[in-house]
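> Provided below are the primary sequence and the corresponding predicted coordinates.
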Amino acid sequence: MNQTHAEIARALTSRWPEHRIAPGTERVAALCDLLGNPQRGYPVIQVAGTNGKGSTAIMIEALLRALGLRTGRYASPHLVDLTERISIDGEPMAPEFFDDLVRETAPFVEMVDEQRLGGVPMTFFEVMTALAYEAFAQAPVDVAVVEVGLGGITDATNVMDAEVAVICPVDFDHTHLLGNTLEAIATEKAGIIKPGSHVVLAAQRPEAARVLLARCAEVGARVYREGIEFSLLERTPAVGGQVLRLDTASGAVGDILLPLFGAHMAENAAVAVAAVEAFLGGKPLPPDVIVEGLGSVDAPARLEVVRRSPTVLLDTCHNPHGARATIDAVAEAFAFTPLIGVVALMADKDVDGVLGVFEEAMGTVVCTQVASTKRGLPAEELGERAAGIFGADRVRVAPRLDDAIDLAVALADEAGPSAGVLIAGSVIAAGEARALLVRPTQEQDEDAGWD
């Protein structure tokens, strides 16, 4: 009897977890070889960086679709269901298509598992990466947008030669795996830059920029730098997002409505436009394509409004750099008085750093924890850490996420109509909260998948 989708998902996620690094790319390369190397069947735009790579990849995909191209996008992690990681033409794979693909490739996965390359069977992320590459080949797509999972050089996605490598801002995260200096982290991420490729660099700190530019020079890559070859010229907050003016390959393009909040999202939009123009060999995108593509962007859990009265926002920020961008965007776009936080964090993150940023803006923080992984910091421990930063009188603890949300909403109701709630601190928490608060429409259900 065929396994159900839930059983298939459980079997995949029970493999070596993606937050740990299994050495080398040899396992995913071996599986791709057995599948006929599907990753070589279409051009790839690969996106790396510490923060912003997910939303930048979504924007790149939207611009490519506005050009009339059939796209594939591989993202990680997922929010609710692992099928969200593999999209065709902007829609996640339908579970039945995904399940069929898993069954088709299972014998080849078993063959690689038996070889124990590097001493371990295939990891969850490696299997998902190969599934994505095979799905894109079967579709088939005109171009794939691939988000790096962790780092670059040894990331499972890095078994192909991307025509365009995009490096979003490099900052400190996963230091126990990537190194504790910006130079070390940038060196790992520079591994996606291949000979003769086009490289789009978001604004970087000097230490990271030197490493990335040196790699470009070493392999003869053409470089497009934010602030030199392209830039965000102007942005104005607007209802439902912001209006941008960008410096592109054809000069200034204005009146671009981006339905996302914050300066960081505006900068990501500039990077996305540059990435697609690099994919076109440096040719400019028509202004109407830029307006259409960016205007159609849908980025779940990026300051997503998931409830009104009081307003509840959902975000995935999980390190100090991301937390700062989120808090600044909330202050600019919403101006809540007060802001009530619902926070869950992973134990291996810079907990005090994130809480320190949140303390500047949140009147009260409700500390909670995720239910779907043991990596989460227990709510009581998070509450103790928060009390040392916020003061005990501004901290509440609710171990269950649904209880924490209810408590935050009640506190906002008591505070008055100008209060709001921000759920943040962990991608996993954002996914669990979204499953509680957002219901897919019937139309979305019917559109999932591809012909």
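Now that the structure is in, tell me what you want to look at.

> any weak-confidence spans in the stretch 151-300 of the chain?
173-179 (pLDDT under 70).

> what about the helices in it?
For the stretch 151-300 of the chain, the helices defined by DSSP state H, counting those that start in this stretch cover 175-178, 182-189, 206-219, 263-279, 287-295.

> the ones you listed: which one's closest to residue 429?
Nearest of these to residue 429, taken as Cβ to Cβ: helix 263-279 at 19.8 Å. C-beta: built from backbone N, CA, C; applies to glycine.

> could you give the angle of that closest one to helix 287-295?
130 degrees (axes from the mean of the first three to the mean of the last three Cα atoms, to 10 degrees).

> any idea how far residue 117 is from residue 27?
5 Å (Cβ to Cβ, to the nearest Å).

> looking at those two, which one has more neighbours?
residue 27 (27 against 20; other Cβ atoms under 10 Å).

> and residue 240, what does it touch?
Residues in contact with residue 240 (Cβ atoms under 8 Å, 6 or more residues apart in numbering) are residue 259.

> likewise for residue 396?
With Cβ under 8 Å, 6+ apart, residue 396 has these contacts: 364-367, 383, 407, 411.

> residue 192 now?
46, 48, 148, 152-153, 155, 158, 162, 165, 167.

> gap between it and residue 269?
In terms of Cβ to Cβ, residue 192 sits 21 Å off from residue 269.

> what does residue 309 give?
30 Å.

> please apply the same query to residue 396.
36 Å.

> about what we covered before: are any of the contacts of residue 396 buried, and which?
Buried members of the contacts of residue 396, counted by 16 or more other Cβ atoms under 10 Å: 364-367, 383, 407, 411.

> which one of the residues you listed is nearest to residue 113?
residue 367 (39.8 Å).

> contacting residues around the closest one?
343-344, 379, 382-383, 386, 395-398, 404.

> not counting sequence-adjacent ones, nearest residue to residue 38?
Closest residue to residue 38 apart from its sequence neighbours, by Cβ to Cβ, 6 or more residues apart in numbering: residue 137 at 3.5 Å.

> report the contact partners of the one you found.
Residue 137 makes contact with 36, 38-39, 41-42 under the criterion Cβ under 8 Å, 6+ apart.

> just among those residues, which is most surrounded?
Going by other Cβ under 10 Å, residue 39 tops the contacts of residue 137 with 25 neighbours.

> three-state assignment of that one?
Following DSSP: H, G, I helix; E, B strand; the rest coil, residue 39 is assigned to helix.

> returning to what we had before: of residue 309 and residue 269, who's got more company?
Neighbours per residue, other Cβ under 10 Å: of residue 309 and residue 269, the larger number sits with residue 269, 28 against 9.

> contacting residues around the residue nearest to the spatial centre of the chain?
Centroid-nearest residue in the chain, with Cα atoms, centre = their mean: residue 54, separated by 2.7 Å. Counting by Cβ under 8 Å, 6+ apart, residue 54 makes contact with 75, 147, 299, 302, 316.

> just flag the most distant two among the residues you listed.
It's 147 and 302 that sit farthest apart of those, by Cβ to Cβ, at 13.9 Å.

> how would you label residue 352: helix, strand or coil?
Per three-state DSSP, residue 352 ends up helix.

> was I right to think it contacts residue 390?
No: between residue 352 and residue 390 there is no contact under Cβ atoms under 8 Å: 11.4 Å.

> so which of those two has more stuff around it?
Each of residue 352 and residue 390 has its neighbours counted (other Cβ under 10 Å); residue 390 has more, 21 against 13.

> hang on, isn't the more buried one packed against residue 355?
Yes: contact criterion Cβ under 8 Å: residue 390 and residue 355 qualify, at 7.4 Å.

> what do the two both touch?
Common neighbours of residue 390 and residue 355 (Cβ under 8 Å, 6+ apart) are residue 365.

> re earlier: among the helices of the stretch 151-300 of the chain, which is the most enclosed?
Greatest average neighbour count among the helices of the stretch 151-300 of the chain goes to helix 263-279 (a mean of 27), per mean count of other Cβ atoms under 10 Å.

> got the CA positions of that one in PDB?
Provided in PDB are the C-alpha atoms of helix 263-279 (Å, rounded to 0.1, in the frame of the first residue of the first chain):
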ATOM      1  CA  ALA A 263      14.000  49.100   3.800                       C
ATOM      2  CA  HIS A 264      15.500  45.700   3.700                       C
ATOM      3  CA  MET A 265      12.800  44.400   1.300                       C
ATOM      4  CA  ALA A 266      13.300  47.500  -0.900                       C
ATOM      5  CA  GLU A 267      17.000  46.700  -1.100                       C
ATOM      6  CA  ASN A 268      16.200  43.000  -1.800                       C
ATOM      7  CA  ALA A 269      14.000  44.200  -4.700                       C
ATOM      8  CA  ALA A 270      16.900  46.100  -6.200                       C
ATOM      9  CA  VAL A 271      19.100  43.000  -5.900                       C
ATOM     10  CA  ALA A 272      16.400  40.900  -7.600                       C
ATOM     11  CA  VAL A 273      16.100  43.200 -10.600                       C
ATOM     12  CA  ALA A 274      19.900  43.200 -11.000                       C
ATOM     13  CA  ALA A 275      19.900  39.400 -10.800                       C
ATOM     14  CA  VAL A 276      17.400  39.000 -13.600                       C
ATOM     15  CA  GLU A 277      19.200  41.600 -15.700                       C
ATOM     16  CA  ALA A 278      22.400  39.600 -15.100                       C
ATOM     17  CA  PHE A 279      20.600  36.500 -16.200                       C
END
